[in-house]
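Visitor: Everything below, folded, please.
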Amino acid sequence: MPQSRELPSLIERLDRLSEWLGRSLSWLILLMMLIQFLIVVLRYVFSVNSIPMQESVMYMHATVFMLAAGYTLRHDGHVRVDIFYRAMTAKRKALVDLLGTLLLLAPVMIFVILVSLGYVGKSWRILEGSPESGGIPGVFLLKTLIPLFAGLMLLQGLVEAWRNVLVLTGRLAPKEEEDHHEEHL
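Guide: Prediction:
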């Protein structure tokens, strides 16, 4: 069977979802920096504090890190000890990645989903808000990011697992090596 660079339709759509979500959420980083700058100016120049603005930075930070984790996985950006991995062949890398997904990532993400559902559900039942007076009344939304994070990571992990199966069976050409420290926009 000839090698291809194309993924099955469903896998390709899930891959594009991670890509779109990661790139879209990256704009929150710019907004977060601008708001943080404004907080500093208001506080040190005008002696004005704004709890909702301070909390909004935390909300955006959590949103970026939790919801863009799948994007990071898609681009192989999570921390790895690659003393041995670097020298492996493409098929051996695919095997290591497949085993890592099936034995580590998937069980941990399923555990996170199962454990967080009660925690998040309780927060939604009481519509938990900020403990700070005048804070953002949406802590329940913030906590919802926990199972969303795990679900998105699990979905992208399954995409990567399928991609690795295709590489191992010779139906997909391995990803080209990229410099993971630079983003090409």
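Visitor: what sits against the residue lying closest to residue 155 once chain neighbours are set aside?
Guide: Counting by Cβ to Cβ, 6 or more residues apart in numbering, the nearest residue to residue 155 once its immediate chain neighbours are dropped is residue 14, at 5.6 Å. Where C-beta positions appear, they are placed from N, C-alpha and C, glycine not excepted. Residue 14 makes contact with 155-156, 158-159, according to Cβ atoms under 8 Å, 6 or more residues apart in numbering.
Visitor: so where does residue 14 fall, helix or strand?
Guide: For residue 14, the host element (DSSP states H and E) is helix 9-46.
Visitor: List the buried residues of that helix.
Guide: The neighbour-count check on helix 9-46 (16 or more other Cβ atoms under 10 Å) flags 11, 14-15, 17-18, 21-22, 25, 28, 32, 35-36, 39 as buried.
Visitor: out of these, which one sits closest to residue 70?
Guide: Distances from the buried residues of helix 9-46 to residue 70 were compared by Cβ to Cβ; the smallest belongs to residue 18, at 4.4 Å.
Visitor: how about residue 133, secondary structure?
Guide: When the structure is reduced to helix, strand and coil (DSSP: H, G, I helix; E, B strand; the rest coil), residue 133 reads as coil.
Visitor: give me the number of residues near it?
Guide: Residue neighbour count, defined by other Cβ atoms under 10 Å, stands at 6 for residue 133.
Visitor: rewinding a little: and the buried residues of helix 9-46, which two are furthest apart?
Guide: The most widely separated members of the buried residues of helix 9-46 are 11 and 39, with 42.0 Å between them, by Cβ to Cβ.
Visitor: Name the residue most distant from the centre of the protein?
Guide: Largest separation from the mean C-alpha position in the chain: residue 46, at 36.8 Å (Cα atoms, centre = their mean).
Visitor: Could you check how far that one is from residue 54?
Guide: In this structure, residue 46 and residue 54 are 15 Å apart, going by Cβ to Cβ, to the nearest Å.
Visitor: From what I see, residue 69 and residue 153 are in contact.
Guide: Yes - Residue 69 is in contact with residue 153 according to Cβ atoms under 8 Å; the separation is 5.3 Å.
Visitor: Could you give the number of residues near residue 101?
Guide: The number of residues packed near residue 101 is 23, by other Cβ under 10 Å.
Visitor: related to what we said a few turns ago, which other helices and strands does the next helix or strand along the chain from the helix holding residue 14 contact?
Guide: Downstream of helix 9-46, the first helix or strand assigned by DSSP H and E is helix 51-67. Helix 51-67 is packed against helix 9-46, helix 139-168, with contacts defined by 3 or more Cβ pairs under 8 Å, 6 or more residues apart in numbering; DSSP states H and E.
Visitor: The shortest one versus helix 9-46: what angle between them?
Guide: Taking axes from the mean of the first three to the mean of the last three Cα atoms, to 10 degrees, helix 139-168 and helix 9-46 form an angle of 140 degrees between their directions.
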